[in-house]
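In: Structural data only, the sequence is not supplied:
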């Protein structure tokens with residue numbers, strides 16, 4: 001109930017009235033899970049916007065994947081919001097210099113956690129660039145989404161391009177600047193059998209969406 005109230009009274013007015021969000025091809029959004037939303041990532045507003053695209057009754061089924069160290073271990077208030085309002089699925093990043101065994105453990109934990117949520121018909125939000133980048137610049141995708149797609153070849157993956165949010169609330173800037181923002185939703189795609197080809201297909205889809213409108 002608290003999550004619904006926060007989105008109804010705070011998040012949705014911010015997204016729809018202050019940001020003046022415009023959405024293209026909304027009909028491509030899944031009505032139910034399991035599904036994985038994949039978008040470019042420039043701002044903390046990205047998750048607020050993506051979750052606001054769904055009816056309030058669906059909020060409990062939607063879970064952003066988020067860096068465990070950043071959201072759960074820095075600040076108690078942020079950790080509470082992440083757990084109880086956004087219901088994130090915490091993801092452990094690979095430690096620089098980690099050996100093959102450590103990388104395998106991180107990958108297995110990631111797949112196990114995501115698979116459990118998908119098995120409950122939930123909708124995941126994943127940013128394949130890994131972290132927030134420069135506004136309107138799409139960085140190389142990390143391989144996590146390819147591993148997840150391979151393990152769930154029948155789960156639709158919905159590419160989404162977010163425009164303007166990185167300028168409304170850029171990384172490292174605490175002040176929100178009203179800016180015309182747009183969401184473009186693409187047709188779903190599925191695992192195509194080869195990691196690099198899948199990542200290139202997904203990246204191409206999102207880059208193509210960036211040229212729309």
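Out: Good, I have the coordinates. Everything numeric here is computed off the predicted structure, so don't read it as measured data.

In: quick one: the nearest residue to residue 181 once chain neighbours are set aside from residue 212, how far?
Out: Leaving aside its sequence neighbours, residue 181 sits nearest to residue 164 (CB to CB, 6 or more residues apart in numbering; 3.8 Å). C-beta coordinates here come from the backbone N, C-alpha and C atoms, glycine included. Distance of residue 164 to residue 212, given as CB to CB, to the nearest Å: 14 Å.

In: What is the burial count for residue 164?
Out: Residues contacting residue 164 under the criterion other CB atoms under 10 Å number 21.

In: check contacts around the closest residue to residue 79 other than its chain neighbours.
Out: In space, and not counting its chain neighbours, residue 79 is closest to residue 72: 4.6 Å by CB to CB, 6+ apart. By CB atoms under 8 Å, 6 or more residues apart in numbering, the residues touching residue 72 are 78-79, 82-83, 90.

In: same question, residue 191
Out: So residue 191 contacts 146, 149-150, 152-153, 198 (CB under 8 Å, 6+ apart).

In: if we go to 10 Å?
Out: By CB atoms under 10 Å, 6 or more residues apart in numbering, the contact list for residue 191 reads 146-155, 157, 198, 201.

In: Please apply the same query to residue 63.
Out: 33, 51, 86-89, 113-114, 117-118, 120, 122-126.

In: what's the most distant pair in these?
Out: Greatest spacing in the contacts of residue 63, by CB to CB: 51 and 113 (18.7 Å).

In: From residue 42, how far out is the closest residue to residue 126 other than its chain neighbours?
Out: Once flanking residues are discounted, residue 126 sits nearest to residue 65: 5.0 Å by CB to CB, 6+ apart. Using CB to CB, residue 65 is found at 16 Å from residue 42.

In: between the two, who's got more neighbours?
Out: A count of neighbours by other CB under 10 Å puts residue 42 above the other of residue 65 and residue 42, at 26 against 22.

In: which outside residues touch stretch 26-36?
Out: By CB under 10 Å, 6+ apart, stretch 26-36 touches 23, 37, 50, 53-55, 58, 61-63, 65, 114-115, 117-126, 145, 148-149, 152, 154-160, 183-188.

In: how about a cut-off of 6 Å?
Out: Outside stretch 26-36, the residues that touch it by CB atoms under 6 Å, 6 or more residues apart in numbering are 61, 118, 121-124, 126, 155-157, 185, 187.
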